[in-house]
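Trainee: Requesting a structural model of the entry that follows:
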Amino acid sequence: MVRPSRDPDLLTAEAGQGVRVVAIRQPERQTVNVSVYVRTGSQHEARRHGGISHVVEHMAFKGTRERDCQRINLDAEMLGAEVNAHTDKDHTAFHIDGLARDAGRFVQMLADIVQESTFPQVELERERQVILHELAEDEEDGVATAFRLFDEACWGDHPFARPVVGRRRSIERLTRADLLAYVQRQYTATNVVVGVAGGIDPGRIVAAVGSAFASMPRAGDNRVAEPSWRGGIKTRRLTGSIQTHLVIGFPAPSLRDAPEPAIVAAALFGEGMSSPLMDEIRERRGLAYHLHCSADIAELGGQFVIEASTAPEHAEAFLTEVQRLLASQARAIDAVALARARNQIAVRSLRDQERASRRLESAALDLFVHGTVRSAAQTLARLQAVGAADVHQVFERMLAAPASIAITGRVRKGLADRAADIFPAPRGGV
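Mentor: A predicted model of the protein is given here:
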């Protein structure tokens, strides 16, 4: 049965063994986005199998019981469609974009990939090398390395801290049997959402999903216990680097809680050239050429994140200025800055609503976390209702928690000690 949500063009339903469906009607479109979201990612992995979700995503296109790799690609491309996939900490997703008239066929194609992949041994050996090359590139990237260390500083040994791409040792020893066992355990009906957006008939889509996933085992939800915030400083020198890359962060609420004040605080502090972070550090003082601030909110936890790339001689001054700016926000919130942040969030939210793929993913994550899809209007209203006192409290709480700091690239001697002095660990922890 198709059920309307509070977004008038978005409908949800349950089809076949507990697989859920999100359908977005866009009658003006002749194309369609079809995606299968599976609630499994790096946060669900055992340490010895780190990166297995990402390997499964790659290998899913290498052959099923009925189709080899070449046939999988040809079947989609003969319809003019594009096939893609991605892996994250909390989910894995498979996509096909093509003509709306072929939506039902796309559902069948993705169901075949998700349920019937055979992971041929010869293909695994080839794809293992591709992934190891990807891993090497990631290891040589100063910013990517900083974020890996940052997550470790935030969450310690919890699986939530582990990189999606995995670890070299794990990738080298993963077997075909490991992949098959992982899929059998994690790829179950209650952990799957099929999203379709475009010029579609929702009833036909639900029927197509019900037929394509009828034999998928139901099982339970792939839930993971929330980690505790750790805090700390991690550094890594990278040979040949001429820049210093820094990531600074503090705890923020998860998707399960109320993250709206932290989202507004991040927009106020660092979104746009007139924000305190950009105006003071880049425009007025020239302390960094790459600078960004965000509230990264996920199911298991949130992070208020400031990232920058700067000259090594400016790194200490950058840290000092960031601490000063955060402390100033903990003293008082400027009304103009708050209004600017709200307006920027409103425009960003509307842009997200215009992107079918973004809406589908957001709806799928809502179903995984909350069991229902929150309307875009309600979400925006909650963000717009955040007041100065709420934002002020965000900064106060952040400065009362231990900072997580990662520094990579060209790291000057003593910089980690200076960072610890600038962001001292508060007494009593979080």
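Trainee: going forward, measure contacts between C-alpha atoms and count neighbours the same way
Mentor: Will do.
Trainee: just for the stretch 251-400 of the chain, where's the confidence low?
Mentor: Residues of the stretch 251-400 of the chain meeting the criterion pLDDT under 70: none.
Trainee: cutoff 90 now
Mentor: 256, 289, 352-353, 374-380 (pLDDT under 90).
Trainee: Equivalent analysis for the stretch 1-150 of the chain, please.
Mentor: 1-9, 16-17.
Trainee: Do a quick rundown of the helices in it.
Mentor: Along the stretch 1-150 of the chain, the stretches classed as helices by DSSP state H, counting those that start in this stretch are 52-59, 69-77, 103-116, 121-140, 142-155.
Trainee: Dump these to JSON lines, plus distance to Phe269.
Mentor: JSON lines is the format used below for the helices of the stretch 1-150 of the chain (distance: least, CA to CA, whole Å):
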{"stretch": "helix 52-59", "distance to Phe269": "34"}
{"stretch": "helix 69-77", "distance to Phe269": "45"}
{"stretch": "helix 103-116", "distance to Phe269": "41"}
{"stretch": "helix 121-140", "distance to Phe269": "29"}
{"stretch": "helix 142-155", "distance to Phe269": "20"}
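Trainee: Nearest to Ala93, out of those?
Mentor: helix 52-59 (8.0 Å; CA to CA).
Trainee: Against which helices or strands is the closest one packed?
Mentor: strand 82-87, strand 92-99, helix 121-140, helix 176-186 (3 or more CA pairs under 8 Å, 6 or more residues apart in numbering; DSSP states H and E).
Trainee: if you set the cut-off to 7 Å instead, what comes out?
Mentor: Packed against helix 52-59 by the contact rule (3 or more CA pairs under 7 Å, 6 or more residues apart in numbering; DSSP states H and E) you find strand 82-87.
Trainee: Please report phi then psi for Glu321.
Mentor: phi -70, psi -40 (degrees, to the nearest 10).
Trainee: Can you give me the neighbour number for the residue nearest to it when sequence neighbours are not counted?
Mentor: Nearest non-adjacent residue to Glu321, counting by CA to CA, 6 or more residues apart in numbering: Ile281, 7.2 Å away. Per other CA atoms under 10 Å, the neighbour tally for Ile281 reads 20.
Trainee: Ile281 touches Leu287, doesn't it?
Mentor: Yes. Proximity of Ile281 to Leu287 meets the contact threshold set by CA atoms under 7 Å, at 5.5 Å.
Trainee: Mutual contacts of the two, please.
Mentor: Both Ile281 and Leu287 lack any common contact, where contact means CA atoms under 7 Å, 6 or more residues apart in numbering.
Trainee: His58 is in contact with Gln69, correct?
Mentor: Gln isn't right for residue 69; it's Cys. No. In this structure, Cys69 is not within contact of His58 by CA under 7 Å, at 11.2 Å.
Trainee: Skipping adjacent residues, who's closest to the residue nearest in space to the middle of the chain in space?
Mentor: With distances taken as CA atoms, centre = their mean, Asp88 lies nearest the centre of the chain, 5.5 Å away. Closest residue to Asp88 apart from its sequence neighbours, by CA to CA, 6+ apart: Gly41 at 5.6 Å.
Trainee: Same question for Ile263.
Mentor: Nearest to Ile263 is Ala295, by CA to CA, 6+ apart, at 5.3 Å.
Trainee: Surely the one you found forms part of a strand?
Mentor: Yes. Assessed with DSSP: H, G, I helix; E, B strand; the rest coil, Ala295 lies in a strand.
Trainee: In this structure it contacts Ala266, no?
Mentor: Yes. Using CA under 7 Å, Ala295 makes contact with Ala266 at a distance of 5.7 Å.
Trainee: shared neighbours, the two?
Mentor: With CA under 7 Å, 6+ apart, Ala295 and Ala266 have common neighbours Phe304.
Trainee: For the residue nearest to Glu321, give its distance to Ala308.
Mentor: 10 Å (CA to CA, to the nearest Å).
Trainee: Kindly point out which residues are neighbours of both of the two.
Mentor: Common neighbours of Ile281 and Ala308 (CA under 7 Å, 6+ apart) are Ala288.
Trainee: Would you list the phi and psi of Trp229?
Mentor: Dihedral angles (degrees, to the nearest 10) for Trp229: phi -70, psi 130.
Trainee: and the closest residue to Glu307 other than its chain neighbours, helix, strand or coil?
Mentor: Residue nearest to Glu307 in three dimensions, not counting chain neighbours: Val247, with 4.4 Å by CA to CA, 6+ apart. Three-state call for Val247 (three-state DSSP): strand.
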